[in-house]
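In: Kindly return the folded structure for what I paste below:
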Amino acid sequence: MANRAAILAIFAAFALAGLVNSSKFDPLFQPSWAFDHFTSEGEVVHMKLDNHSGAGFSSKSKYLFGKVTVQIKLVAGDSAGTVTAFYMSSEGPYHNEFDFEFLGNKTGEPYLVQTNVYVNGVGNREQRLNLWFDPTKDFHSYSIFWNQRLVVFLVDETPVRVHSNLEHKGIPFPKDQAMGVYSSIWNADDWATQGGLVKTDWSHAPFVASYTGFEINACACPGEVAAADIQKRCSSSAERRYWWDEPTVSELNVHQSHQLVWVRANHMVYDYCSDTARFPATPAECEHHRH
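Out: The predicted model follows:
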């Protein structure tokens, strides 16, 4: 635990040097559709899905490298057929994207968390896990940390997935497109729960996901910054050092590595790398990510 506390202290110290940071919704985000499906209580924002519409919000800026976190309390009770997503994405046909998708389930059945990584418009890198707690009972933090070496998905600061830079093996890595931060809730009962066998029960609507603790500690990229200049702007140089380029966060530490092994051994239920039906030839990055 001392190790964990030290890492948290490092993240907290570096947060002071971050370019954007807030715990409130309004400075960082705005509703992007179905404005009437939002309510707020203090620093908590509620977003609902009913049989008319889902809803979504987006960040006011786009970012390259850093860490984004939101605390979410997922839809309670019978959430089958619903998907709540928290993700980062750039724009265009060759976009990059990092996804958390929370797949609802019948009352008493565990939520599944699906993560995915798109690079240059290509995804199909799904992993699914169940959680070691009930995500509907309280708020838990979900984070994406990203630098030029790796992308880390974290749940309550525990790493659940790492996507490493393997450009030296000819595999593209998302490092030059600024990305917005988004969340949405929608009906996906054609696939979300038990492969689409369990449909949304609208008698339980509205389905409400709640959010708080909004933090973006990352390099903001104004729209006027040319794409070719984005990576340079957000990378450390002799004149400036960014916290996401520090050696202490260039890879998982020993404790975090052990946590990831534990998550994969005890909570992962699907890994595209092991799906030989979909991928008779193992995807190129998988050999590394198994270790």
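In: Show the contacting residues for Tyr182.
Out: Tyr182 makes contacts with Ser32, Gly56, Phe57, Ser58, Ser59, Ala85, Phe86, Tyr87, Met88, Ser89, as judged by Cβ atoms under 8 Å, 6 or more residues apart in numbering. From N, CA and C alone the C-beta is placed, and that goes for glycine too.
In: which one is the second one nearest to, not counting chain neighbours?
Out: Spatial nearest neighbour of Gly56, excluding adjacent residues (Cβ to Cβ, 6 or more residues apart in numbering): Ser184 at 3.4 Å.
In: List the strands paired with the helix or strand where that neighbour lies, with their directions.
Out: According to DSSP states H and E, Ser184 maps onto strand 180-187. In the sheet, strand 180-187 lines up against strand 55-59 (antiparallel), strand 82-89 (antiparallel) (DSSP bridges).
In: Turn those strands into a markdown table, including mean neighbour count and distance to Lys73.
Out: Formatted as a markdown table, these follow (neighbours: other Cβ atoms under 10 Å; distance: least, Cβ to Cβ, whole Å):
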| stretch | mean neighbour count | distance to Lys73 |
| --- | --- | --- |
| strand 55-59 | 21 | 16 |
| strand 82-89 | 22 | 10 |
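In: of all those, which lies closest to Cys286?
Out: strand 82-89 (21.7 Å; Cβ to Cβ).
In: List of residues touching that closest one?
Out: 49, 63, 68, 70, 72, 74-75, 95-104, 118, 142, 144, 146, 179-189, 192, 200, 207, 209.
In: And stretch 185-201, by the same measure?
Out: Stretch 185-201 is contacted by residues 47-49, 54-56, 75, 78, 80-85, 103-106, 207, 209 when judged by Cβ under 8 Å, 6+ apart.
In: now Val162: how far from Thr212?
Out: 26 Å (Cβ to Cβ, to the nearest Å).
In: Same question for Leu131.
Out: On the measure of Cβ to Cβ, Leu131 and Thr212 end up 18 Å apart.
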